[in-house]
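1. got a predicted structure plus its sequence, pasted below:
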2 protein chains.
Amino acid sequence: MTARTLYDLAGADAARRFSPYCWRAKLALGHKGLPFDTVPWRFTEKDAIAMSGQGRVPVLVDGERVVHDSWRIACHLEEAHADRPSLFGGTAARDATRFLNQWTDGVLHLALLPILMGDLFGHVHEQDRDYFRATREERFGRKLEEIGHDREQAIATFQATLAPLRATLEVQPFLGGDTPRYGDYIVLGAFLWARGVSPIKLLETDDPIAAWRDRVAATRSDVLADAVCYPW
Amino acid sequence: MTARTLYDLAGADAARRFSPYCWRAKLALGHKGLPFDTVPWRFTEKDAIAMSGQGRVPVLVDGERVVHDSWRIACHLEEAHADRPSLFGGTAARDATRFLNQWTDGVLHLALLPILMGDLFGHVHEQDRDYFRATREERFGRKLEEIGHDREQAIATFQATLAPLRATLEVQPFLGGDTPRYGDYIVLGAFLWARGVSPIKLLETDDPIAAWRDRVAATRSDVLADAVCYPW
């Protein structure tokens, strides 16, 4: 047991971890070179993370500290382990990364959700299904089956949504610049979410985003090597 | 005459300057505290900027250096005037700002264009109209009148497009963090483009983006005080 424990969303198969926000935290821990254990956690296991004062993962227990929310975890790691490789490259870079974070949460994930919904629901643990359905249907005001009903249209929308990412990766190798930084992990988390639940091929092989995804994944093979998932 | 000259897109009224990319350059010069003159320039005056090796503005003549393209101008100012207040806050922050730059160019501007098209064309100089129509119709594969035909739908799309900006400005006062940086000027340029050609009110008064717009504009009153434009 290391000093660090991450509560990590798991599916019906405890080894299948698909939360994009938990992936951000794991990639950030890898970037810092900090060993950690994960605890598989299901949506309805609110008691297990009650010490965080809220009900969602990721939750990181880092020694005495309990930190929830992927952005707060990244900021915590950056401050508490300032001697390790920087996740952002300074506070101005951290603040400049915030827009990418909010865009990924609100735009990229939203464009992916209708593509993944069917496969995602298929991987949710039996004990979580009623909770998952109720919370998502309330959030989107539609039945799960309606959210995912037009996958072809959703794929076209997703491709259009990727345009500014592609335009960025055409002028620099990483979203962080010459080296992967937390911005890269934010977006890679979305692709790891997809890969965790769905066999769908989201990118053509010659897409600059596919080459970037491979580059980032290669630098974080420490975290990704054992992931239970579909191929890209 | 100062040592710095910016070729700045002008409309039929030479005092009306509306290019979002030229606004970025002017705001960046203001941030650096560098005095500059502008030369009003029309789309068809390619000869006047031939020394830049291409045909679009902004073009900055900074002493011996001729620099074109808003991003390259920002990087030039940051390097050549490193003793002045930083536009980015370091190279990692510069690189982290690139996504916002590409998103604004390709997503935010594209969402604004159909709202502005009619008013914009009305402000284009007579000598530029054929050029403007031909290049825009080729780029978008549609008649100008078709691009701008459904303004109500365009306004709804624009509002949805603003969501990640709003989400960012709900958690920090500027896109650059605690202080305005180049990322703020990138996005303010889009609003200055709109304000330069159209009386349309794009934001409700209680929108966090409206409050941000006022904050950034207040810090750059040096550049904005004499702008010929419509009210926000």
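-> Okay, I see it.

2. would you mind measuring the gap between the ends of stretch A:72-88?
-> Criterion C-alpha to C-alpha, to the nearest Å; first-to-last residue distance in stretch A:72-88 is 13 Å.

3. what is the burial count for residue A:137?
-> Using other C-beta atoms under 10 Å in any protein chain shown, residue A:137 is surrounded by 15 other residues. Bear in mind the C-beta positions are built from the backbone N, C-alpha and C, glycine included.

4. just list the residues touching it, thanks.
-> Contacts here follow C-beta atoms under 8 Å, 6 or more residues apart in numbering or on different chains; on that basis residue A:137 touches A:143-144.

5. any idea which element it lies in?
-> In the assignment (DSSP states H and E), residue A:137 maps to helix A:129-140.

6. now do residue A:228
-> Using DSSP H and E, residue A:228 sits within no helix or strand.

7. picking that back up, what's the first helix or strand after the helix holding residue A:137?
-> Downstream of helix A:129-140, the first helix or strand assigned by DSSP H and E is helix A:144-147.

8. now stretch A:222-232, how far from the centre of its chain.
-> 13 Å (C-alpha atoms, centre = their mean, to the nearest Å).

9. distance between the ends of that stretch?
-> 18 Å.

10. give me the contacts around that stretch.
-> A:13, A:15-18, A:26-27, A:29-30, A:191-192, A:195-199, A:201-203, A:210, A:213-214, A:217.

11. buried by neighbour count, from the residues you listed: which ones?
-> A:16-18, A:26-27, A:29-30, A:191-192, A:195-198, A:202-203, A:210, A:213, A:217 (16 or more other C-beta atoms under 10 Å in any protein chain shown).

12. of the residues you listed, which belong to strands?
-> Among those, DSSP state E puts none in strands.

13. coming back round to it: narrow the contacts of stretch A:222-232 to those in helices?
-> A:26-27, A:29-30, A:191-192, A:195-197, A:210, A:213-214, A:217 (DSSP state H).

14. can you put the residues you listed in TSV and add distance to residue B:176 and pLDDT?
-> TSV is the format used below for those (distance: C-beta to C-beta, whole Å; pLDDT from 0 to 100):
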residue	distance to residue B:176	pLDDT
A:26	29	98
A:27	25	98
A:29	27	98
A:30	28	98
A:191	28	98
A:192	29	98
A:195	33	97
A:196	34	97
A:197	36	97
A:210	31	98
A:213	28	98
A:214	31	97
A:217	30	97
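
15. which of the residues you listed sits closest to residue A:81?
-> Lowest distance from residue A:81 to these (C-beta to C-beta) belongs to residue A:29, with 9.4 Å.

16. so the closest one touches residue A:36, yeah?
-> Yes: shown here, residue A:29 and residue A:36 form a contact pair, counting by C-beta atoms under 8 Å, at 5.0 Å.

17. shared neighbours, those two?
-> Counting by C-beta under 8 Å, 6+ apart, the residues touching both residue A:29 and residue A:36 are A:4, A:6, A:60.

18. re the thing from before, okay, the ones in helices among the contacts of stretch A:222-232 in a markdown table with distance to chain B next?
-> Output for these, formatted as a markdown table (distance: C-beta to the nearest C-beta, whole Å):
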| residue | distance to chain B |
| --- | --- |
| A:26 | 21 |
| A:27 | 16 |
| A:29 | 20 |
| A:30 | 19 |
| A:191 | 16 |
| A:192 | 19 |
| A:195 | 22 |
| A:196 | 24 |
| A:197 | 24 |
| A:210 | 18 |
| A:213 | 15 |
| A:214 | 19 |
| A:217 | 19 |
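
19. for those, work out which two are farthest apart.
-> A:29 and A:210 (25.1 Å).

20. quick one on the thing from earlier: so how far is the helix holding residue A:137 from its chain's centroid?
-> In this view, helix A:129-140 has its centroid 20 Å away from the chain centroid, taken as C-alpha atoms, centre = their mean.

21. in it, which residues are buried?
-> When neighbours are counted by 16+ other C-beta under 10 Å, the buried residues of helix A:129-140 are found to be A:132, A:136.

22. can you give me the helices in chain A?
-> Under DSSP H, chain A gives helices at A:20-31, A:70-80, A:91-103, A:109-123, A:129-140, A:144-147, A:151-161, A:163-169, A:182-197, A:208-219, A:221-224.

23. any chance of CSV for these, columns distance to residue B:66?
-> Below are the helices of chain A laid out as CSV (distance: least, C-beta to C-beta, whole Å):
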stretch, distance to residue B:66
helix A:20-31, 40
helix A:70-80, 40
helix A:91-103, 28
helix A:109-123, 41
helix A:129-140, 52
helix A:144-147, 53
helix A:151-161, 36
helix A:163-169, 25
helix A:182-197, 32
helix A:208-219, 30
helix A:221-224, 45
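
24. what does chain A have sitting close to chain B?
-> By the rule C-beta under 8 Å from any C-beta of the partner chain, the part of chain A lying against chain B is A:86, A:88-100, A:102-103, A:105-107, A:163-165, A:167-168, A:171-172, A:174-178, A:181, A:183.

25. who wins for neighbours among the shared contacts of residue A:29 and residue A:36?
-> residue A:60 (27 neighbours).

26. my read is that that one contacts residue A:76, right?
-> Yes: Residue A:60 is within contact range of residue A:76, at 7.2 Å (criterion: C-beta under 8 Å).

27. quick one on the thing from earlier: so which of the shared contacts of residue A:29 and residue A:36 comes closest to chain B?
-> residue A:60 (19.8 Å; C-beta to the nearest C-beta).

28. ok, now which ones touch that closest one?
-> A:4-7, A:25, A:29, A:36, A:66-68, A:73, A:76 are the contacts of residue A:60 under C-beta under 8 Å, 6+ apart.

29. hang on, the earlier thing: overlap in contacts of residue A:60 and residue A:76?
-> residue A:67.
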